[in-house]
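Participant: Fold the following and give me the result.
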Amino acid sequence: MSSANREFADTEEVDADSTVDRRALAADPTNRRIIAFLQEDGRMPYSTIARELGTSEGTVRNRVNQMVAAKVLRVIGVADPLVLGNEGYALVAMRLSGGADPRKVSARFEALEEVTFVLFATGQYDLVIEVICETHRDLRDFLLEHCYGQADTASVEPMMALALYKNLMKWGRP
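Facilitator: Predicted structure coming up:
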């Protein structure tokens, strides 16, 4: 299954013998509470979560491992790219050309190191990507090489970030 299709799949094959119902994992009340604790502090010990939930540390560990394996949950560190010194930080909104396949265009951007986020959207734009480059020149070069002048892209609207006030990455917050 392609990565674009996998994002919205209800089930995912974990091994040759079984599939996991991702929506059921995400809907489970205990799993949602575990996710909420990890969204507040991704390094919170499983023993602390277990104590808060009135369950065992092993139960929390098993549930987290199951959600990670099913790609329901990712525990990551979130940093402010501007504070890290990246001057070329932007959201880039694009309209695709008629007949362009957004899955193929998305795959092109997914493969690029500078791209940290790819969203297929409805409305005024077809794709929105987040791009983090070290310098303004690097961002300019990225836009010229990967966005402007592409046959599958009708228009490009870069939105340069001046400050980042909130970046909690709490998608799907329980």
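Participant: quick one: stretch 25-32 to chain centroid distance?
Facilitator: 19 Å (C-alpha atoms, centre = their mean, to the nearest Å).
Participant: Using PDB, list the CA coordinates for it.
Facilitator: Presented in PDB, the C-alpha positions along stretch 25-32 are these (Å, rounded to 0.1, in the frame of the first residue of the first chain):
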ATOM      1  CA  LEU A  25      -6.900   1.000  18.600                       C
ATOM      2  CA  ALA A  26      -7.300   4.800  18.400                       C
ATOM      3  CA  ALA A  27     -10.900   4.700  19.700                       C
ATOM      4  CA  ASP A  28     -10.100   2.600  22.800                       C
ATOM      5  CA  PRO A  29     -10.600   4.800  25.900                       C
ATOM      6  CA  THR A  30      -7.400   3.600  27.700                       C
ATOM      7  CA  ASN A  31      -5.300   4.000  24.500                       C
ATOM      8  CA  ARG A  32      -6.600   7.600  24.100                       C
END
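Participant: avg pLDDT for that stretch?
Facilitator: The pLDDT scores in stretch 25-32 average 90.
Participant: again with stretch 118-131
Facilitator: 96.
Participant: show me what contacts the residue nearest to residue 104 when sequence neighbours are not counted?
Facilitator: Nearest residue to residue 104 in three dimensions, chain neighbours excluded: residue 152, at 7.3 Å (C-beta to C-beta, 6 or more residues apart in numbering). Using the backbone N, CA and C atoms, a C-beta is placed for each residue, glycine as well. When contacts are counted by C-beta atoms under 8 Å, 6 or more residues apart in numbering, residue 152 is found next to 96-97, 100-101, 104-105.
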